Each structure stands twice: as C-alpha cells, then as structure tokens.
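J.: Any chance you could fold what I've pasted below:
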Amino acid sequence: MRISWSVVYLLLWLYRCAYSVAAQLVIAQFTSLGDSGKYQDGQFGELGDGTNLTASSIVEGPRAAATILADGLGIIFSQFGGLYGSNIGFQTIAFFGIVALLRATPPTMRVAMLGLAMLPSFTIWSSIAGKEALVVYAVGVLSALIIRMYDGTARFSVEAAIAVLLVFLFKNQYMPALLFMILGTVIADRVKQRALLVLLAGVLSMAMLWVFEERLGQEALQIVPHFAGMGSSREAFWTEPQHVLTRAPLGMFLGFFGPTLRETAQGPLQLASFIESTLFLGFLGLILLWRLPRMPVYMALMGLFTLFWILFATYPFGAMNSGSAIRYRTGYQLLVMAVILVTMARPPYDSWRQARRRRRRDAAVTSGGPSLPGPGPGIGSQG
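T.: Reported below is the predicted structural model:
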C-alpha cells in the first residue's frame, strides 16, 4: 500500500512534536537545551549584556531584532500549553521549512532527504523553542528555492523574501554561502563559460580571506572566552589571529562533525552524536563518490564553494565545543543536504540547460529570429 506524501508530512510533524515533548522531559535531564528556556516563559528576555529589550534596541543591529522576534513568538506560543506549547509552536515553523525543501526535492532523492531530516540531533534542536527553529525554516525555504532554480520552477516569492530577512537577522554568517549559490546560479545562467566563472568567483572570494585575516582572527579570539568552563569545551582553538585561516580545515571538520572519538567517553550523548555524525557524513560522502564520475564540473565547483563558505563561516562557533557544533549545525544542515543530495548531480544540470534552451528558443520564435541548434556536446567536459 502506497502512502501519500501528505500523510508522510503529517507523520513527520507528529514525530517532531514527540521530540518537542521528549526533549523537555528526558533530554533536558542530561544536557542543557541552550537558551530555549528564555523563549518558553512568555516574557521578554534580555540581550546578552543584560540590557532590557526595547523597541529602540532593534536599531542597534540584527541580533537585537532577532531576539525580540524570537521572544515575541515565545510569548504567543506559550499561551497554548506553556513550555510544551512553545516548543511545538517553534517546531511547527521549522517543519514548514523542512516540508518546503522536501517538496522541491526530486522524488528519487526525497526519501533520503526525509531520512536525514529525521536524524535525532537535528530534530531535537529544531523542535524546541529557540532561534534554531526559525533558522531551519528560513534555510529550508531558501534551499528549496535553489533546487527550483535548476528545474526551472523557481519564483522569488514573499516567503523567500521573509526567509532572506530571517537569515540576515539570525545568522548573517550564512549569507556568503547562500548568495554565492543563488546569485552565482543567476549569473551563470547568462554566460557560456559557467564552470570558469564559478572557479574565478570562488578563488577570488577565498582570496579575500587573506586580506581580512587580521580582523577575522581577532573576532575568532573573542569567541574563546565564551566557551571557557563549559562542559564539553575544548582548549582554545586559536591563540594567534592567523590561526583562523591556518587551522580552518580542522576547525571546519570539528565544527560540522561534533564530538571526536576520544570525546565519546564523556557521556552517552557524545557517543550518540558521534555515531550520528559518522553515519550522516558517511552517507553524504558515498553519494558524492558515486556521482563523481558523471558530475558536471560546474555543479561540482558551485557545490564545493558553497559548502566551503557555509562551513568556514560557521566553524568558529562549533570548533570550541562539541555540543555547540551539533546545535549550530542544525541551522545550516538543510543547505548541506540540498547541495549534496540534489544540486551536485547531473540531472539538475541537464534540466537547467534544457530550460535555458527553451527560453532562448521561445524568445527566438517570438522575435521571428532563426531557430536555435539542438543540444551541444556532453556535460562531462566543461560543464
């Protein structure tokens, strides 16, 4: 008996609701749920420096506005069942972002996408009251937009504009990766040497890191004291400004993967996170290896540079603490899944090229010009 995807989405929502409750009843007994508590009490909180949240504080920057928005939603949701109602309210927002991504995912990869979206750590952190749930919604919507750009059905809607605003407010460090993929796709659609364009843009953008090495290093050093004394914190990952670049490869891995094998001895949650990350990364790695011989050069470059920018921009927040790495990964995990499972493949590229030819052919017919030639050589060369 076949089950419709509408039923699957309903079961997914119920599954996530169960985690909303279990996180509070069970998981909170073993580890801190971050700042979830401040969004469950139905009252406005404070900024990190203890300053009361006021209307005037919004103009101080995106962080203050994001905190006010999350607090406001907590007030609303807490009226419907206290902290459990708040958790379910926030998780429902994240759920809509996940469904947006699933609906945009081709049927051949949708089950795999669903399975990764049901991983325990991702579900826990996106199913409780907090900023992660709002970020998951926004990233899910924008990841769906990226996928639809390649099948020719993308429309920059009001929902997409809201998602961009949410990312800017809550996680503006995600913007380089999202802009690279979205704007890069738009521009590449209008040129012939697409792979070369992406390669040049990626190399030049990475070269800017060395220009701002000192500033980036100083900002990374300011992060270290915030993790001092936390249960699963590591020793200072940077001691000199230049370490922000020289130690970036290891930091990007730790910031994404979470606990190392040695750190699994700290407790069952670290062990569970290690096993989950191993399966998660292993599955994505196998997908890439299987597709590599037929992967278009353009899609490989676009995907790799996008992954670099999301991992580099987020690693300072996860490299210092294995638990924080898993929590912060929740926010951008859907983008990583969309890039590797969907865009870094041949079919989306073929669909993208065919859609481009149709537009050019329709334009030629409309203008009365000559018809365009058929498809050119295979993708495996220049992409």
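J.: helices and strands of the chain: which one has the lowest mean pLDDT?
T.: helix 346-367 (a mean of 79; mean pLDDT, DSSP states H and E).
J.: What is it packed up against?
T.: helix 131-151, helix 297-314 (3 or more CB pairs under 8 Å, 6 or more residues apart in numbering; DSSP states H and E). Yep, even glycine has a C-beta here, placed from its N, CA and C like the rest.
J.: Is it possible to get the ones you listed out as JSON lines so that each row also shows distance to residue 166 and mean neighbour count?
T.: Shown next, in JSON lines, are the helices and strands packed on helix 346-367 (distance: least, CB to CB, whole Å; neighbours: other CB atoms under 10 Å):
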{"stretch": "helix 131-151", "distance to residue 166": "4", "mean neighbour count": "25"}
{"stretch": "helix 297-314", "distance to residue 166": "16", "mean neighbour count": "22"}
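J.: Make JSON lines from these and add mean pLDDT and distance to residue 174 to it.
T.: Below are the helices and strands packed on helix 346-367 laid out as JSON lines (pLDDT from 0 to 100; distance: least, CB to CB, whole Å):
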{"stretch": "helix 131-151", "mean pLDDT": "96", "distance to residue 174": "7"}
{"stretch": "helix 297-314", "mean pLDDT": "96", "distance to residue 174": "6"}
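J.: Redo those as JSON lines? Include distance to residue 211.
T.: Supplementary listing: the helices and strands packed on helix 346-367 in JSON lines, determined by distance: least, CB to CB, whole Å:
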{"stretch": "helix 131-151", "distance to residue 211": "27"}
{"stretch": "helix 297-314", "distance to residue 211": "15"}
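J.: Which of those helices sits closest to residue 253?
T.: Among the helices and strands packed on helix 346-367, helix 297-314 comes nearest to residue 253, with 8.3 Å by CB to CB.
J.: Give me the contacts around that closest one.
T.: Contacts to helix 297-314, defined as CB atoms under 8 Å, 6 or more residues apart in numbering, come from residues 173-174, 176-177, 180-181, 184-185, 188, 194-195, 198-199, 201-202, 205-206, 209, 248, 252, 255-256, 292, 328-329, 331-332, 335-336, 339-340, 343-346, 348-349, 381-383.
J.: Narrow the residues you listed to just the buried residues.
T.: Neighbour counting by 16 or more other CB atoms under 10 Å classes 173-174, 176-177, 180-181, 184-185, 188, 194-195, 198-199, 201-202, 205, 248, 252, 255-256, 328-329, 331-332, 335-336, 339-340, 343-346, 348-349, 383 among the contacts of helix 297-314 as buried.
J.: quick one on the thing from earlier: which of the contacts of helix 297-314 fall in helices?
T.: 176-177, 180-181, 184-185, 188, 194-195, 198-199, 201-202, 205-206, 209, 248, 252, 255-256, 328-329, 331-332, 335-336, 346, 348-349 (DSSP state H).
J.: C-terminal to the helix or strand where residue 10 lies, what's the next element?
T.: According to DSSP states H and E, residue 10 maps onto helix 5-25. Per DSSP H and E, the first helix or strand lying C-terminal to helix 5-25 is helix 62-78.
J.: got the CA positions of that following helix in CSV?
T.: In CSV, the C-alpha atoms belonging to helix 62-78 read as follows (Å, rounded to 0.1, in the frame of the first residue of the first chain):
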residue,chain,number,x,y,z
PRO,A,62,20.2,42.4,13.6
ARG,A,63,21.0,40.5,16.8
ALA,A,64,18.6,42.6,18.9
ALA,A,65,15.8,42.4,16.4
ALA,A,66,16.2,38.7,16.1
THR,A,67,16.0,38.3,19.9
ILE,A,68,12.9,40.4,20.1
LEU,A,69,11.2,38.4,17.3
ALA,A,70,12.0,35.1,19.0
ASP,A,71,10.9,36.4,22.4
GLY,A,72,7.6,37.6,20.8
LEU,A,73,6.9,34.3,19.3
GLY,A,74,7.7,32.6,22.6
ILE,A,75,5.0,34.9,24.3
ILE,A,76,2.4,33.9,21.7
PHE,A,77,3.2,30.1,21.7
SER,A,78,3.4,29.8,25.5
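J.: Tell me where the model's unsure across the chain.
T.: 1, 27-37, 40-62, 228-232, 362-364, 366-383 (pLDDT under 70).
J.: Geometric centre of it: which residue is closest?
T.: residue 332 (1.8 Å; CA atoms, centre = their mean).
J.: I figured that residue was touching residue 175, is that so?
T.: No. The pair residue 332 / residue 175 is not scored as a contact, 11.5 Å apart, by CB atoms under 8 Å.
J.: on that earlier part again, would you put the C-alpha positions of the least confident helix or strand of the chain in CSV?
T.: Output of helix 346-367 as CSV, limited to C-alpha atoms (Å, rounded to 0.1, in the frame of the first residue of the first chain):
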residue,chain,number,x,y,z
ARG,A,346,23.9,15.6,-13.4
PRO,A,347,20.1,15.6,-13.7
PRO,A,348,19.6,19.1,-12.2
TYR,A,349,22.2,20.4,-14.6
ASP,A,350,20.5,18.8,-17.6
SER,A,351,17.2,20.3,-16.6
TRP,A,352,18.7,23.7,-16.1
ARG,A,353,20.3,23.6,-19.6
GLN,A,354,17.1,22.4,-21.2
ALA,A,355,15.1,25.1,-19.5
ARG,A,356,17.6,27.7,-20.8
ARG,A,357,17.3,26.4,-24.3
ARG,A,358,13.5,26.5,-24.2
ARG,A,359,13.7,30.1,-23.1
ARG,A,360,16.1,31.0,-25.9
ARG,A,361,14.0,29.1,-28.4
ASP,A,362,10.8,30.8,-27.3
ALA,A,363,12.5,34.2,-27.4
ALA,A,364,13.7,33.5,-30.9
VAL,A,365,10.3,32.4,-32.1
THR,A,366,8.7,35.5,-30.5
SER,A,367,11.2,37.8,-32.2
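J.: Enumerate the positions of that helix that are buried.
T.: Across helix 346-367, burial judged by 16+ other CB under 10 Å covers 346, 348, 349, 352, 353, 355.
J.: thinking again about what came up before, how far out from the middle of the chain is the helix holding residue 10?
T.: 20 Å (CA atoms, centre = their mean, to the nearest Å).
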